[in-house]
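*Asks:* sequence and predicted model, in that order:
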Amino acid sequence: EPEVTQTPSHQVTQMGQEVILRCVPISNHLYFYWYRQILGQKVEFLVSFYNNEISEKSEIFDDQFSVERPDGSNFTLKIRSTKLEDSAMYFCASSYREGNQPQHFGDGTRLSIL
Amino acid sequence: GEDVEQSLFLSVREGDSSVINCTYTDSSSTYLYWYKQEPGAGLQLLTYIFSNMDMKQDQRLTVLLNKKDKHLSLRIADTQTGDSAIYFCAERRSSASKIIFGSGTRLSIRP
C-alpha cells in the first residue's frame, strides 16, 4: 500500500539554525499538509498546500516557517531560525482530494532543538 | 469553537470489546476520523465516517456517530494485544483543510 515517507526520522539542531524537514507524499495525491505534536500535547495543524500555493495556515505557521514543493515528488517544511519551542514531532500528510478523501500521515520527524 | 475531547486511558481484557469515546464541539464538522498511533510510529488512518452516516463497520471496527450529541465512538471487537496504541479522534469541516485532533486515548490490554 502506498505511504507517505518522511526524512530524517530524527533531527537534532542547534537553536538559531535552519532546518529542512522532507516528505514524499503518496504519488497521485494533490493536497499536502504539515502538522506537529509537541510532547504531551495534541497534534496541531500547521499548513496545507495545493497547486503550489498555501491554501490554509494556522497561527503557529509564522514567518519563520515556509513550505515548498521543489520537484514532482518532495514536499518540504523549512524552519528558518529554530527556537527551543520548535522541538516536536512533525508529521507530513497528503490526500488525493480535499473533500471526501482522508489525509494519510507519515511516521513523522522528531525535531530536537538544543 | 473547535475542540475534540477524549478520555486519556482505557484498559480492557484481551478478547473483550473496547469502546473509545469522543465528543466534538463544531456542529459543522463533516468528516470524523479515527487514527491509531503505535509507539514510535506515525498516525495510521483506521476508519472515517461522514456526518450524514450513523454507523460504519469495517471488520472488527465499528464507528457510531450521534450527530445530535456530537458524540463519536470506536468499538474494537475481540481486542488483541496488537491493538495496544493511542487512538486519536479527529474532525474536519468541509470548508477547511485542517484536521482537529483530540488528545488521544491510550488503550492497554490486560491478559
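*Replies:* Received the coordinates, thanks. Numbering: from 1, shown residues only, chains lettered A, B, ... in the order given.
*Asks:* so what are the sheet partners of the helix or strand of chain B with the lowest mean pLDDT and their directions?
*Replies:* Every helix and strand of chain B was ranked by mean pLDDT, DSSP states H and E. The lowest is strand B:29-37, at a mean of 90. Sheet pairing for strand B:29-37, assigned by DSSP bridges, gives strand B:44-50 (antiparallel), strand B:85-93 (antiparallel).
*Asks:* point out the most buried one among these.
*Replies:* strand B:85-93 (a mean of 23; mean count of other Cβ atoms under 10 Å in any protein chain shown). Yep, even glycine has a C-beta here, placed from its N, CA and C like the rest.
*Asks:* averaged pLDDT, that one. What do you get?
*Replies:* When pLDDT is averaged along strand B:85-93, the result is 93.
*Asks:* quick revisit: with distance to residue A:7 added, can I get the strands paired with strand B:29-37 in TSV?
*Replies:* As requested, these are arranged in TSV below (distance: least, Cβ to Cβ, whole Å):
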stretch	distance to residue A:7
strand B:44-50	19
strand B:85-93	23
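*Asks:* okay, residue B:106: pLDDT?
*Replies:* Residue B:106 is given a pLDDT of 96.
*Asks:* relative to residue A:63, how far out is it?
*Replies:* To residue A:63, residue B:106 is 36 Å away according to Cβ to Cβ, to the nearest Å.
*Asks:* equivalent analysis for residue B:12, please.
*Replies:* The value you get for residue B:12 to residue A:63, if Cβ to Cβ is used, is 47 Å.
*Asks:* higher neighbour count, these two?
*Replies:* residue B:12 (17 against 7; other Cβ atoms under 10 Å in any protein chain shown).
*Asks:* so the more buried one touches residue B:20, yeah?
*Replies:* No - when contacts are counted by Cβ atoms under 8 Å, residue B:12 is not listed as touching residue B:20 (9.9 Å).
*Asks:* which residues do these two both contact?
*Replies:* Overlap of the contact sets of residue B:12 and residue B:20 (by Cβ atoms under 8 Å, 6 or more residues apart in numbering or on different chains) consists of residue B:107.
*Asks:* now residue A:22: phi and psi?
*Replies:* phi -120, psi 150 (degrees, to the nearest 10).
*Asks:* count the neighbours of the closest residue in space to it that isn't next to it in sequence for me.
*Replies:* Excluding the flanking residues, the one nearest residue A:22 by Cβ to Cβ, 6 or more residues apart in numbering or on different chains is residue A:7, at 4.9 Å. The tally of other residues near residue A:7 (other Cβ under 10 Å) stands at 13.
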